[in-house]
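In: Take this sequence and fold it.
(2 chains)
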Amino acid sequence: MIPLTFHHSWKNLDERSRFTAMNEFTANGVRHLVLADTLLKMMGMDYLLAGVLREQTRQAGVDFVDAHAPYRDFGDLFIPDERDWRQMIARQKLNLELVSEMGVDTCTFHVGSKYYADHTLDQHREALYRSLDELLPLAEKLGVTICLENLVRPLSTADDLISYMKRYDSPHLGVCLDVGHANMKEKGEQHPDCIARAAWAVAGVPVRWEKNIAETLQPYIVNCHIHDNYGVEDDHNLAGEGNIDWKRIVPILLNAPRLRSIQSEVLTARRSIPIRRVCENIRQIFGYSPEN
Amino acid sequence: MIPLTFHHGWKSLDERSRLTAMNEFAANGGRHLVLTDTLLKMMGMDYLLAGVLREQTRQAGVDFVDAHAPFRDFGDLFIPDERDWRQMIARQKLNLELVSEMGVDTCTFHVGSTKYPGVTVEKYREALCRSLDELLPLAEKLGVTICLENGLTPLNSAEALVSYMCKYDSPYLGVCFDTGHANVKEQGDRIPESPVPQVWAKFDLPVRWEKEMAETLRPYIVSCHIHDNYGARDDHDLPGRGNIDWRRIVRVIAEAPRLKNIQSEVLTARRGIPIRAVCESMQDLFGGLGAA
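Out: Modelled structure (predicted):
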């Protein structure tokens, strides 16, 4: 059975509150959590946090199954500026070590969202290749699969991701299907306010709307982000609080040949959503208990 | 002119208080600050802090001149455990990138103090050399000199540091001479409560007491830590609040051929010492050398 994993906002929680939240997940039948970008950043400052997290998850009866690398500034893989790229690579290599240290074997990365105005899209793509050339051998050594996430921006379309998969053809490179991002990309054409328009305008190119993103990416999907929206903004709502066709999405995911985990990326803290509701929601959508 | 640089306890300061402290140094003639291990750890979590620090130092009219890498757990260079070593190396490579990013060209590292049970001095030394083999090429590429600091263990005695300098013979490897540590080591054989025998006992070795450590290390000194004590404990007190013979030390430091900076490592926050007192103390000691 594919494990269901849960994102949570750990940033503003002190040690005790973090443990309480872990227990809250356990009380709702959850066994697996996401090693979130926030936790990896905290581990960047607190050299002993890995040990603390191991002990807290052990006590709470949960574990970390998948991870999300920090993104945007000094986190995006496509950074074309040499100095910024060097800093990003050093940070992401450390993050891969920490992911492995926590016993996690998939880590989602963003291709990128912050474009450097003095560089072309092709230069951003070349920088992405350079990043993967550096990170993939380490990922392989550590037994971690790097999952590139579809975003609503250039260089992160389904076609782009497939081209990267084919270029590297590695079992340590896969896709993280973000169903919310895919929904905006598929339905945004009907919405003048869809955030994809601004995201592509920043890069100076017209939006390439897409259809059937989940179907296109299915052979490469290793993990996924489950959340809902109305095709306009990246709401990270509960499944059902949006217009995603879950009857279509769920079978595609469950039949994805490389799928290793199904991740709730409902943003609990941003939207003040109780943990219990997130757990019940994913159980309802996928038809099985979060205990798996 | 050799820059005088100042350590400060930044950890518990918020952004505004940090700028106030920088202004306090500037108001007391302090023009150069240490990029401390605490700041580097904070930069490990806060990916944008480098930019904030650059702006704050610009506003305050100060700059960072030297750095101190994080130490102890996952910071010590002599870590013999393979997994811990990998994490440490990834962290220290990132720290070197950040040091360079901040325009700093010397960074002090601790050989190590965390004890792994059952590990011989020879194994530690091998791990240290493995670390230097990894870090020195990066340091060279970035133009940063790695300074190994003398401490109280068999692996960071003056004799041991000289052996590392001879082995690598690199302009990117030098010594950070810590006056307080040297005083504890030089006077410990006359002080019953000296911590040195306990430290060496952990390595199953009798203490090899040293004298004239400053003189021994003088050819390799690139950076130094200025603070005082009475030989019994590592107090990190103001010069004069201890029994270090400063006339001797200042003379040796003044003649160190590779010296790049003189760093106050008086622990202001730990001991409630005002910035003004530290600045005046350093000027009194080293102003005569033309240092500022």
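In: and the residue of the stretch 151-292 of chain A found nearest chain B, what pLDDT?
Out: Of all residues in the stretch 151-292 of chain A, A:H172 sits closest to chain B, at 17.3 Å by CB to the nearest CB. In this view, the C-beta of every residue, glycine as well, is placed from N, C-alpha and C. A:H172 is assigned a predicted lDDT (pLDDT) of 98.
In: how about it, what does it touch?
Out: A:H172 makes contacts with A:L136, A:A139, A:E140, A:V144, A:T145, A:I146, as judged by CB atoms under 8 Å, 6 or more residues apart in numbering or on different chains.
In: Closest to the centroid, which residue in chain A?
Out: With distances taken as CA atoms, centre = their mean, chain A has A:T108 as the residue nearest its mean C-alpha position (4.6 Å).
In: Is it within a helix or a strand, and which one?
Out: In this structure, A:T108 sits in strand A:106-110 according to DSSP states H and E.
In: Compute the number of surrounding residues for the residue in the stretch 151-292 of chain B positioned nearest to chain A.
Out: Residue nearest to chain A within the stretch 151-292 of chain B: B:Y172 (17.2 Å; CB to the nearest CB). Burial of B:Y172, expressed as a neighbour count using other CB atoms under 10 Å in any protein chain shown, amounts to 22.
In: about what we covered before: look up how far A:I89 lies from the residue of the stretch 151-292 of chain A closest to chain B.
Out: Relative to A:I89, A:H172 is positioned 17 Å away (criterion: CB to CB, to the nearest Å).
In: buried sites along the helix ranked longest in chain A?
Out: With secondary structure taken from DSSP state H, chain A has its longest helix at helix A:121-142. Of all the residues in helix A:121-142, those buried under the rule 16 or more other CB atoms under 10 Å in any protein chain shown are A:124-125, A:127-128, A:130-132, A:134-136, A:138-139, A:142.
In: and if you look at stretch A:225-236?
Out: Under the neighbour-count criterion of 16+ other CB under 10 Å, stretch A:225-236 has A:H225, A:I226, A:H227, A:D228, A:N229, A:Y230, A:G231, A:V232, A:D234, A:D235, A:H236 buried.
In: Likewise for stretch A:188-195?
Out: Buried positions in stretch A:188-195, judged by neighbour count with 16+ other CB under 10 Å: A:G188, A:E189, A:C194, A:I195.
In: mind exporting it as CSV, just the C-alpha atoms?
Out: Provided in CSV are the C-alpha atoms of stretch A:188-195 (Å, rounded to 0.1, in the frame of the first residue of the first chain):
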residue,chain,number,x,y,z
GLY,A,188,-6.5,28.9,-16.0
GLU,A,189,-7.1,29.7,-19.6
GLN,A,190,-10.8,30.4,-18.7
HIS,A,191,-9.8,32.7,-15.9
PRO,A,192,-8.4,36.2,-16.5
ASP,A,193,-7.0,36.3,-13.0
CYS,A,194,-5.2,32.9,-13.1
ILE,A,195,-1.8,33.4,-11.5
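In: Can you list phi and psi of the residue of the stretch 151-292 of chain B closest to chain A for me?
Out: Dihedral pair for B:Y172: phi -100, psi 10, per degrees, to the nearest 10.
In: Likewise for the one 4 residues further on?
Out: Note on B:C176: its backbone torsions stand at phi -100, psi 110 [degrees, to the nearest 10].
In: Test my guess that it contacts B:C224.
Out: Yes. Here B:C176 reaches B:C224: they are 6.3 Å apart, a contact under CB atoms under 8 Å.
In: where do the contact lists of the two overlap?
Out: With CB under 8 Å, 6+ apart applied, the overlap between the contact sets of B:C176 and B:C224 consists of B:Q263.
In: Quick one: neighbours of the nearest residue to B:I89 once chain neighbours are set aside, just the number.
Out: Setting aside the residues directly before and after it, B:I89 is nearest to B:E134 in space (CB to CB, 6 or more residues apart in numbering or on different chains), at 5.4 Å. Using other CB under 10 Å, the number of residues around B:E134 comes to 17.
In: right, and B:E134 touches B:R91 too?
Out: No. With contacts defined as CB under 8 Å, B:E134 does not count as touching B:R91, sitting 11.9 Å away.
In: Now do the same contact list for A:P274.
Out: With contacts taken as CB under 8 Å, 6+ apart, A:P274 has the following neighbours: A:T268.
In: what's the answer for A:N243, then?
Out: Taking CB under 8 Å, 6+ apart as the definition of contact, the neighbours of A:N243 are A:N183, A:K187, A:D228, A:N229, A:Y230, A:G231.
In: From these, which land in strands?
Out: Among the contacts of A:N243, none falls in strands (DSSP state E).
In: For the residue of the stretch 151-292 of chain B closest to chain A, give me its contacts.
Out: Taking CB under 8 Å, 6+ apart as the definition of contact, the neighbours of B:Y172 are B:L136, B:A139, B:E140, B:V144, B:T145, B:I146.
In: Keep only those of those that are also close to chain A.
Out: Counting by CB under 8 Å from any CB of the partner chain, the subset of the contacts of B:Y172 that neighbours chain A is empty.
In: what does the stretch 151-292 of chain A have sitting close to chain B?
Out: If contacts are counted using CB under 8 Å from any CB, no residue of the stretch 151-292 of chain A sits beside chain B.
In: residue boundaries of the strands in the stretch 151-292 of chain A?
Out: Under the criterion DSSP state E, counting those that start in this stretch, the stretch 151-292 of chain A carries strands at the ranges A:173-178, A:221-226, A:261-264.
In: need the strands for the stretch 51-200 of chain B, in chain order.
Out: The residue ranges that make up the strands of the stretch 51-200 of chain B, judged by DSSP E, counting those that start in this stretch, are B:63-68, B:106-110, B:145-149, B:173-178.
In: returning to what we had before: turn the buried residues of stretch A:188-195 into a markdown table, columns for pLDDT.
Out: As requested, the buried residues of stretch A:188-195 are exported to a markdown table (pLDDT from 0 to 100):
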| residue | pLDDT |
| --- | --- |
| A:G188 | 96 |
| A:E189 | 96 |
| A:C194 | 97 |
| A:I195 | 96 |
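In: quick one: which two of those residues are the most distant?
Out: Comparing all pairs in the buried residues of stretch A:188-195 by CB to CB, the longest separation belongs to A:E189 and A:I195, at 12.8 Å.
In: give the contact list for residue 223.
Out: In the absence of a named chain, chain A is used. So, once contact is read as CB under 8 Å, 6+ apart, A:N223 ends up touching A:D66, A:T106, A:T108, A:C147, A:G174, A:C176, A:L177, A:L259, A:R260, A:S261, A:I262, A:Q263.
In: not quite, I wanted chain B
Out: With contacts defined as CB under 8 Å, 6+ apart, B:S223 is in contact with B:66, B:106, B:108, B:147, B:174-177, B:259-263.
In: In three-state terms, label it for me.
Out: Recorded secondary structure, B:S223: strand (DSSP: H, G, I helix; E, B strand; the rest coil).
In: and the nearest residue to it once chain neighbours are set aside, what is it in contact with?
Out: With sequence-adjacent residues excluded and distances taken as CB to CB, 6+ apart, B:S223 is closest to B:C176, at 4.3 Å. With contacts defined as CB under 8 Å, 6+ apart, B:C176 is in contact with B:T106, B:T108, B:C147, B:L148, B:E149, B:N150, B:I221, B:V222, B:S223, B:C224, B:H225, B:Q263.
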